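Colleague: need a structure here:
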Amino acid sequence: MLKKLFYPLLIITFILSALSHFMHWGAEVEFAFAGLAILFAAGLLGKATESVAHYAGQRIGGFLNATFGNAAELIIAIFLIKEGLFEIVKASLTGAIIGNLLLVLGASALAGGLKYKEQKFNDHLAGQNASLMMLGIIALFVPAIFVKTEHISDENTMTISIIVAAILIFAYIGWLVYSMVTHKDMLEDHVDTQASHGEKPAWTKGMSILLLVVATVMVAFISEWLVHTLDTFSSRFGLSDLFVGAFVVAIVGNAAEHSAAILLAMKNKMGAAVEIAVGSSLQIALFVAPVLVFVSLLFGKEMDLIFTTIELAAIGVSVLIATSISRDGATTWFEGKLLLIVYVILGVSFYFV
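Modeller: Coordinates of the predicted model:
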């Protein structure tokens, strides 16, 4: 019954979100409809990703989901930069990283672990992901420490941000070449970690890719409508920009990863779930955040890559526990629970800032 209603509800919520935005039904109504609509659009994105994974494999399927899912995050951030809301942009990037490492990976490990005693994935890939996450932390920590302790000028701070951003993009491109070309076979799931359920893909390869694009476009429009409600929404409910950016925007913006990763983990496809959760965080830290520095220059509004101490601490502890849990190439429900506990602790702390 629910499956039959999915597509009508997807269309209805999208239309209602559009009407509430263009007819100005009020910030609360606009936010509610936009949040609901983006969840259905994310559901379509997740289903299309799973279908693509049948043809291209779990790693490529997970990578595509992370990429298309982060398209929403990137689009939201671009609109925020256009409005000059740099603090919310950085908070949303922080929220996206910790949300994927703690909420998405934690919920996936918990949901899959309740059904399967232990879920395995490529341990070499897990080790490489851990090293890349450490690189992301170093790239964010070092400039922030130097700028804040040595009182570097705004002009030089922006220069440092541009150089570090360029280096991170170069590193990410290198990772794509390494993982998708030169060492592709080494990072594929081993035979004993692959899930084989004899399932048939929902659509053809061409239709799956088309629906990925359609869902992403829908998310892009809904994201823009959502951004316009944030100022009113946060002020009316007494929420800080930090909390709204790190949790509200991040959770809604990453709804695609949430739904797809949990669905795949429950089908014992933990390799794809990890690729979505960890791969998405890596993409945010090594590609999306640096790209936004250059995007801000196009708008004539300079956004540096210097995050606050609170944001750096949140990212640091998230990387620490996610690396500790995933590095052995296996997860259980208890490890998923630990990740979710850390996420709740950070959420409560951010709320009272």
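Colleague: any idea how far residue 76 lies from residue 90?
Modeller: In this structure, residue 76 and residue 90 are separated by 13 Å, where distance is defined by CB to CB, to the nearest Å. Using the backbone N, CA and C atoms, a C-beta is placed for each residue, glycine as well.
Colleague: Mind listing the shared neighbours of those two?
Modeller: Both residue 76 and residue 90 lack any common contacting residue under the criterion CB atoms under 8 Å, 6 or more residues apart in numbering.
Colleague: contacts for the helix or strand hosting residue 264?
Modeller: Here residue 264 is covered by helix 255-266, with elements defined by DSSP states H and E. Helix 255-266 is contacted by residues 38-39, 41-43, 45-47, 49-50, 53, 58, 62, 65-66, 68-69, 72, 100, 103-105, 107-109, 111-112, 115, 119, 215, 219, 251, 270, 272-273, 276-277, 280 when judged by CB under 8 Å, 6+ apart.
Colleague: for that helix, what is the average pLDDT?
Modeller: Helix 255-266 shows an average pLDDT of 76 in the prediction.
Colleague: Export it to PDB, keeping only CA atoms.
Modeller: What follows is the C-alpha trace of helix 255-266 in PDB, where atoms were taken according to Å, rounded to 0.1, in the frame of the first residue of the first chain:
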ATOM      1  CA  ALA A 255      18.100  12.700   3.800                       C
ATOM      2  CA  ALA A 256      19.200  10.900   0.600                       C
ATOM      3  CA  GLU A 257      22.200   9.300   2.300                       C
ATOM      4  CA  HIS A 258      20.100   8.400   5.400                       C
ATOM      5  CA  SER A 259      17.400   6.500   3.600                       C
ATOM      6  CA  ALA A 260      19.700   4.700   1.000                       C
ATOM      7  CA  ALA A 261      22.400   3.700   3.400                       C
ATOM      8  CA  ILE A 262      20.000   2.200   6.000                       C
ATOM      9  CA  LEU A 263      18.100   0.400   3.200                       C
ATOM     10  CA  LEU A 264      21.300  -1.100   1.800                       C
ATOM     11  CA  ALA A 265      22.600  -2.100   5.300                       C
ATOM     12  CA  MET A 266      19.300  -4.000   6.000                       C
END
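Colleague: Next secondary structure after that helix?
Modeller: Read in the C-terminal direction, the helix or strand following helix 255-266 is helix 270-283, with elements assigned using DSSP H and E.
Colleague: Please identify the buried residues of the following helix or strand past that next one?
Modeller: Sequence-wise, the next helix or strand downstream of helix 270-283 (DSSP H and E) is helix 289-298. Neighbour-count burial for helix 289-298, counted by 16 or more other CB atoms under 10 Å, picks out 289, 290, 291, 292, 293, 295, 296.
Colleague: okay, those in CSV with pLDDT and distance to residue 25 next?
Modeller: Output for the buried residues of helix 289-298, formatted as CSV (pLDDT from 0 to 100; distance: CB to CB, whole Å):
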residue, pLDDT, distance to residue 25
289, 91, 34
290, 93, 37
291, 92, 34
292, 92, 30
293, 92, 36
295, 91, 31
296, 90, 32
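Colleague: and which of these is nearest residue 210?
Modeller: Distance to residue 210 across the buried residues of helix 289-298 (CB to CB) is lowest for residue 291, with 25.5 Å.
Colleague: ok, residue 185 - how many residues close by?
Modeller: Using other CB atoms under 10 Å, residue 185 has 6 other residues around it.
Colleague: starting at the chain centroid, how far to the helix holding residue 264?
Modeller: Taking the mean of its C-alpha atoms, helix 255-266 sits 12 Å from the chain's own mean (CA atoms, centre = their mean, to the nearest Å).
Colleague: before we move on, what about stretch 231-243?
Modeller: Averaged over its C-alpha atoms, stretch 231-243 has a centre that lies 22 Å from its chain's centre (CA atoms, centre = their mean).
Colleague: next one: stretch 334-352
Modeller: For stretch 334-352, the separation from the chain centroid amounts to 17 Å (computed by CA atoms, centre = their mean).
Colleague: That concludes my questions; thank you for your assistance.
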